[in-house]
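Enquirer: Sequence and computational prediction follow.
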Amino acid sequence: MNLRPFHLAIQVRDIEEARAFYGEKLGFEEGRSSSIWVDYNMFGHQMVVHLNPALGKEGKVAHISNGVDGKSVPVPHFGVVMSLDEWKVFSEEIKSKIEHFIIEPYIRFAGEAGEQGTMFFCDPSGNALEFKGFKDIEKELFAPSVVKKSLKDWFYHRGHREHREEIKSIFCYGGDTGLIRIHF
């Protein structure tokens, strides 16, 4: 996989506070800067923090949460995908530097397609970060859901064999959420 570096610009409430977090705590190398923005090398990607005075000294960037693997995942969030070995080293280093994790480092989807180490935490301005690691990034990063494959197989075995490749989605009852559509 030959990826190009991404560029991400986020808002922060205080430039010096962001420098302490991204530069000192996370160890990202600082690039160019001014009094209202700072470039960082985030594992080879360009991440820029921009001052947003409207956040105020105690303000936080808004986010929502969605359920994934029984946990509340903050949205929006950003981060880096690395090998599982790199993630294990990074997660051990970061545990002593981050006071509060939204989701503590753990292995998500254990034993399933897309098994990954993951963790979530916020910067002081409320920007949510996720760092994840895979044993084999090439095979697992975009692995199809085991649940979707199982549902498609179940549908197939219930007598819809002639339409297996035509099945694009099915509707299921999702309890409190009502009717949900699952796309394949």
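Expert: All right, it came through fine. Keep in mind that this is a model prediction, so the values were computed, not measured.
Enquirer: Please make it C-alpha for all contacts and neighbour counts, starting now.
Expert: Noted.
Enquirer: give me the beta-bridge partners of the nearest residue to M82 once chain neighbours are set aside?
Expert: With sequence-adjacent residues excluded and distances taken as CA to CA, 6 or more residues apart in numbering, M82 is closest to G133, at 4.7 Å. Bridge pairing for G133 (DSSP bridges) gives the partners M82, G117.
Enquirer: mind listing what G133 touches?
Expert: Residues near G133 by CA atoms under 8 Å, 6 or more residues apart in numbering: 81-88, 116-118.
Enquirer: where's it relative to M119, distance?
Expert: In this structure, G133 lies at 10 Å from M119, with CA to CA, to the nearest Å as the measure.
Enquirer: Next: E58.
Expert: E58 sits 24 Å away from M119, going by CA to CA.
Enquirer: Who has more neighbours out of the two?
Expert: When E58 is set against M119 and neighbours are counted by other CA atoms under 10 Å, the residue ahead is M119, at 22 against 9.
Enquirer: How about the contacts made by that one?
Expert: Applying CA under 8 Å, 6+ apart as the definition, the contact partners of M119 turn out to be 91, 101-106, 130-132.
Enquirer: please redo it, this time with the cut-off set to 6 Å
Expert: By CA atoms under 6 Å, 6 or more residues apart in numbering, the contact set of M119 is 103-105, 130-131.
Enquirer: Am I right that F78 sits in a helix?
Expert: No. Going by DSSP: H, G, I helix; E, B strand; the rest coil, the assignment for F78 is strand, not a helix.
Enquirer: Find the nearest non-adjacent residue to it, please.
Expert: Using CA to CA, 6+ apart, the nearest residue to F78 is L129, at 5.0 Å.
Enquirer: likewise I103?
Expert: With CA to CA, 6+ apart as the measure, F120 is the residue that lies nearest to I103, at 4.9 Å, once sequence neighbours are left out.
Enquirer: Relative to I15, which of the contacts of G133 is nearest.
Expert: Sorting the contacts of G133 by distance to I15 puts V81 at the head of the list, at 25.9 Å, by CA to CA.
Enquirer: what's the burial count for the residue nearest to F6 when sequence neighbours are not counted?
Expert: With sequence-adjacent residues excluded and distances taken as CA to CA, 6+ apart, F6 is closest to H45, at 5.3 Å. Burial of H45, expressed as a neighbour count using other CA under 10 Å, amounts to 15.
Enquirer: which of the contacts of G133 are buried?
Expert: Of all the contacts of G133 considered here, the ones buried according to neighbour count by 16 or more other CA atoms under 10 Å are 81-82, 84, 87-88, 116-118.
Enquirer: want to try TSV for those residues, with pLDDT and distance to E24 as columns?
Expert: Written out in TSV, the entries for the buried ones among the contacts of G133 read as follows (pLDDT from 0 to 100; distance: CA to CA, whole Å):
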residue	pLDDT	distance to E24
V81	95	21
M82	96	21
L84	95	24
W87	97	19
K88	97	20
Q116	93	27
G117	96	24
T118	96	22
